[in-house]
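*Asks:* Here is a sequence together with a model predicted from it:
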Amino acid sequence: MSRFITCGLLLTFVLATPVPNACADGDPPHFATDRPIDIEHIRLELHVDLPKKTVEGRATITGAALRPINTLSFNAVAFDTSGVKIQIGDGSPTVADYSNDGEHIDITLGETLPTGARSTTTIDYKVTDPADGLSFFAPSEEEPDVPYLVW
């Protein structure tokens, strides 16, 4: 019986113990971004040019709306976007209106996608020597035997 009392006291102590502030030194809190679609599948087709430090790609993203939506937004830092298509349900893919502010691609669907409806978005883009997220390494004067690498 005393074992249960001890566990109960420990649980009470753990629940009553204050948690240190995760946002120390005045840092603003970080929250998850809005998620209007449940992404079911992402297909990436990439052409990597190691000497030029570029990636030309096509991202095809399939998902279902979690609520009624008429726009989609994807993170796309330093993407040079050349085209976007959207396919709603079993319909044919159509060219979509989009804007690219250098950090996000915002896509106008042209109609409201109801909750649960599926869509496939195809984005054609190019990235050249990005500052983050993708690293290129190449031979240099100091290290001429280093192989071309990207990760």
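*Replies:* Nice, I can see it.

*Asks:* okay, the spatially most central residue of the chain: pLDDT?
*Replies:* Centroid-nearest residue in the chain: Asn75, 5.3 Å away (criterion: Cα atoms, centre = their mean). Asn75 is assigned a pLDDT of 89 by the prediction.

*Asks:* for the one 4 residues further on, same thing?
*Replies:* At Phe79, the model reports a pLDDT of 91.

*Asks:* next helix or strand past the worst-scoring helix or strand of the chain on mean pLDDT?
*Replies:* The helix or strand of the chain with the poorest confidence is helix 2-16; it has a mean of 43 (mean pLDDT, DSSP states H and E). With elements assigned by DSSP states H and E, the helix or strand that comes after helix 2-16 is strand 37-49.

*Asks:* mind showing which ranges of the chain have poor pLDDT?
*Replies:* Along the chain, the model assigns pLDDT under 70 to residues 1-25, 30, 32.

*Asks:* so what's Gly63 up against?
*Replies:* Residues in contact with Gly63 (Cβ atoms under 8 Å, 6 or more residues apart in numbering) are Ile37, Asp38, Ile39, Glu40, His41, Arg118, Ser119. Every residue, glycine included, has its C-beta placed from N, CA and C.

*Asks:* of the residues you listed, closest to Lys85?
*Replies:* Ser119 (10.6 Å; Cβ to Cβ).

*Asks:* Check the gap between the residue nearest to the closest one when sequence neighbours are not counted and Pro29 for me.
*Replies:* Among residues not flanking Ser119 along the chain, Ile88 sits closest, at 5.1 Å (Cβ to Cβ, 6 or more residues apart in numbering). Relative to Pro29, Ile88 is positioned 35 Å away (Cβ to Cβ, to the nearest Å).

*Asks:* swap in Trp151?
*Replies:* Taking Cβ to Cβ, one finds Trp151 at 31 Å from Pro29.

*Asks:* And for the residue nearest to Ser119, the neighbour number?
*Replies:* The number of residues packed near Ile88 is 19, by other Cβ atoms under 10 Å.

*Asks:* and if you look at Leu109?
*Replies:* Leu109 - counted by other Cβ under 10 Å - has 18 other residues nearby.

*Asks:* quick one, what contacts it?
*Replies:* Leu109 touches Ile69, Asn70, Thr71, Leu72, Ile86, Ile88, Ala96, Ser119, counting by Cβ under 8 Å, 6+ apart.
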